[in-house]
Structures are given as structure tokens and as C-alpha cells.
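Chemist: what follows is a predicted structure for the sequence shown.
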Amino acid sequence: MAEFLSLQDAVSRHVNNGDIVAMEGFTHLIPFAAGHEIIRQEKRDLTLIRMTPDLIYDQLIGAGCASKLIFSWGGNPGVGSLHRLRDAVEKGWPKPLEILEHSHAAMACAYEAGAAGLPLAVLRGYVGSDLPKVNDQIRFIECPFSGEKLAAVPSIRPDVAIIHAQRADRQGNVLIEGIVGIQKEVVLAAKRSIVTVEEIVDDLGASVNACVLPAWAVSAIAEVPKGAKPSYALGYYERDNAFYKQWDGIARDRESFQAWLQENVFEKGAA
């Protein structure tokens with residue numbers, strides 16, 4: 001059942017060194033504030049999972065929090081490479097990073113399988129692909145009914161899922177509006193979950209067929225206004241496109257990245 005905590009307490013209680021952590025949110029509702037709290041608490045040796053690792057994972061990797069990344073696309077959307085990710089993979093700075101690449105379809109299927117409590121996901125997408133040559137978790141099986149060759153991947157069942165949403169009510173139910181992506185499935189698949197929200201309200205105001213996470217599926221809720229900045233939260237604020245462009249220059253150089261991290265994550269968090 002959902003417990004209302006400060007973000008600091010939620011991360012301290014539910015994210016441990018060595019955990020498998022999935023932080024989801026597609027184009028918007030990306031949990032930047034939670035990622036920054038993980039950096040401030042200097043969590044280490046995390047296996048990070050995300051369908052589209054972008055700026056927040058670049059920051060976590062550059063801060064030395066991660067030892068492995070499981071993903072299906074990585075980059076600064078509309079801008080270019082993730083330079084801290086590349087530095088870790090190519091030169092081992094600040095520490096070596098193991099990577100495991102999937103397709104978007106496989107990641108989505110693996111999350112859905114995890115949410116259903118299944119050990120694997122089955123899909124057609126990898127037949128004829130080169131990804132099995134670099135990812136030993138992709139196997140092939142024969143359909144027992146049709147004899148068709150299908151791909152199988154392990155389900156994703158993280159230790160911790162972290163997402164951002166618009167609202168939670170005082171009973172701990174969470175409303176996600178706009179592009180939902182895979183947030184619902186990652187929370188249901190995980191052993192523990194942290195949801196940061198823009199506000200806590202008496203009534204969610206959910207429309208018919210809205211995406212509502214029930215209180216029993218959530219471990220901790222933290223009220224964090226603008227917790228998805230510089231991404232956007234539908235109905236609350238827009239995407240900070242200028243920052244995504246600025247990040248390319250900030251992240252290219254180790255010293256400029258460390259200076260940004262000190263000023264914008266460590267010092268602001270301590271204020």
C-alpha cells in the first residue's frame with residue numbers, strides 16, 4: 001500500500017546499492033527529480049533499465065551510479081549522442097558500463113510479461129535481426145501450436161520502478177495523463193515502486209478509461225512539483241527544449257559535466 005514520503009526518504013528506503021532500477025516515462029513525465037536524488041545519495045552499482053535512456057540516465061551514468069544499462073535506444077532526443085554514456089562505454093569513465101541492447105518492442109513485451117508475473121516474453125521481432133549476435137538473452141523457440149519460429153526474452157522484473165505522474169489522491173491512487181508509455185507495466189512488474197507527482201489532491205478527477213495506478217501497486221509517493229523538468233508534464237508545464245540543446249555542450253566535457261552536477265544537483269539539493 002502506498003506510503004507518502006519525502007523524495008529523500010523514498011529513495012533512501014527503496015533504492016539500494018546493486019539494485020535493478022527501471023525509470024520510465026516516454027517523452028514526458030520523465031522522473032528527473034528522483035534521478036537527481038539517487039545521485040545525491042550516491043547510490044552505486046545500479047543496473048539501470050529504460051526503453052529510451054536520455055538525459056537523466058546520462059547524468060546517473062556520469063555520476064558513477066550505474067554498472068549496467070539495459071535499453072532499446074539511447075540518445076539526446078533531437079540533438080545527438082549521450083556523451084557521458086559514450087565515455088563510460090568507450091573509455092570506462094567514471095567506471096566501466098556494461099550494456100545490453102533490445103528493440104523497443106522486446107522491452108515493451110518484457111515489461112508486460114513482468115507485470116503478468118511471467119518468466120519470459122515472446123515476439124516475432126527478432127527473426128532476421130542482428131541483435132541476437134550481441135545480446136545472449138535473445139533466444140528462439142518453436143510455437144507448440146503452429147510450429148512458427150519465435151523470439152523469447154526474459155521478462156523485466158526490477159527491484160525498483162520509478163515514475164512521475166500528474167496527481168495522487170490521499171488514498172494513494174495515482175493518475176497518469178497524456179502519453180502513458182510503459183509506466184503502468186513497470187510499476188506492476190517491480191518489487192517496489194516510487195511515484196513522484198505534481199500534486200496530492202482529494203479527488204483525481206480521472207476521466208473514463210484513464211490510467212490509474214491503484215494504491216496497492218505503489219510503495220511510496222512523493223509530492224515533487226516540476227519533478228519531470230526539463231521534460232514536460234501534460235497539463236502542468238512544457239518541455240524545456242533549450243536545455244536539451246544545452247546538455248550536448250555540458251556533457252561533452254568531463255569537467256563541465258562535473259561542474260554542472262555540483263551546482264545543479266548537489267548544491268540545489270542541499271539548499
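Modeler: Perfect, thanks for sending it. Residues are numbered from 1 along each chain as shown.

Chemist: from here on, contacts and neighbour counts on C-alpha atoms
Modeler: OK.

Chemist: need the pLDDT of Asp130.
Modeler: Looking at Asp130, its pLDDT stands at 90.

Chemist: let me fix that, I meant to ask about Asp159.
Modeler: 98.

Chemist: burial count for Asp169?
Modeler: 16 (other CA atoms under 10 Å).

Chemist: can you give me phi and psi for it?
Modeler: Here is the backbone geometry of Asp169 (degrees, to the nearest 10): phi -90, psi 180.

Chemist: ditto for Tyr236
Modeler: The phi/psi pair for Tyr236 (degrees, to the nearest 10) reads phi -120, psi -50.

Chemist: show me what contacts it?
Modeler: Gln166 (CA atoms under 8 Å, 6 or more residues apart in numbering).

Chemist: quick one: it from Gln183, how far?
Modeler: 18 Å (CA to CA, to the nearest Å).

Chemist: name the residues that touch the host helix or strand of Ala251?
Modeler: Using DSSP states H and E, Ala251 sits in helix 241-252. In this structure, residues lying in contact with helix 241-252 by CA under 8 Å, 6+ apart are 55, 76-77, 79-84, 230, 256-257, 260.

Chemist: ditto for stretch 103-119
Modeler: Contacts of stretch 103-119 (CA under 8 Å, 6+ apart): 51, 71-73, 120-123, 125, 153-157, 182, 185-190.

Chemist: narrow those to those that are buried.
Modeler: 51, 71-72, 120-123, 153-157, 182, 185-190 (16 or more other CA atoms under 10 Å).

Chemist: on that earlier part again, in strands, which of the contacts of stretch 103-119 fall?
Modeler: Among the contacts of stretch 103-119, DSSP state E puts Phe71, Leu120, Ala121, Val122, Leu123, Val153, Pro154 in strands.

Chemist: with adjacent residues omitted, what lies nearest to the fourth one?
Modeler: Using CA to CA, 6 or more residues apart in numbering and skipping residues adjacent in sequence, the residue nearest Val122 is Ala152, 4.5 Å away.

Chemist: quick check: domain ranges of the protein?
Modeler: 3-102+157-270, 104-154 (automatic domain parsing).

Chemist: quote the end-to-end distance of the last one.
Modeler: Taking CA to CA, domain 104-154 runs 14 Å from one end to the other.

Chemist: starting at the chain centroid, how far to it?
Modeler: Centroid separation for domain 104-154 versus its chain: 21 Å, with CA atoms, centre = their mean, to the nearest Å.

Chemist: how about the first one?
Modeler: Relative to the mean C-alpha coordinate of its chain, domain 3-102+157-270 is positioned 5 Å out (CA atoms, centre = their mean).

Chemist: still on that earlier bit, can you flag the buried ones in the contacts of helix 241-252?
Modeler: Here, 16+ other CA under 10 Å leaves Leu55, Asn76, Pro77, Ser81, Leu82, His83, Arg84, Pro230, Phe257, Trp260 buried among the contacts of helix 241-252.

Chemist: now name the helix or strand holding the last one.
Modeler: If I follow you right, that is Trp260. Trp260 belongs to helix 254-261, assigned by DSSP H and E.

Chemist: who's in contact with the closest residue to Gln171 other than its chain neighbours?
Modeler: Distances taken as CA to CA, 6+ apart place Ala215 nearest to Gln171, at 6.7 Å, with adjacent residues excluded. Residues near Ala215 by CA under 8 Å, 6+ apart: Met1, Ala2, Gln171, Gly172, Asn173, Val174.
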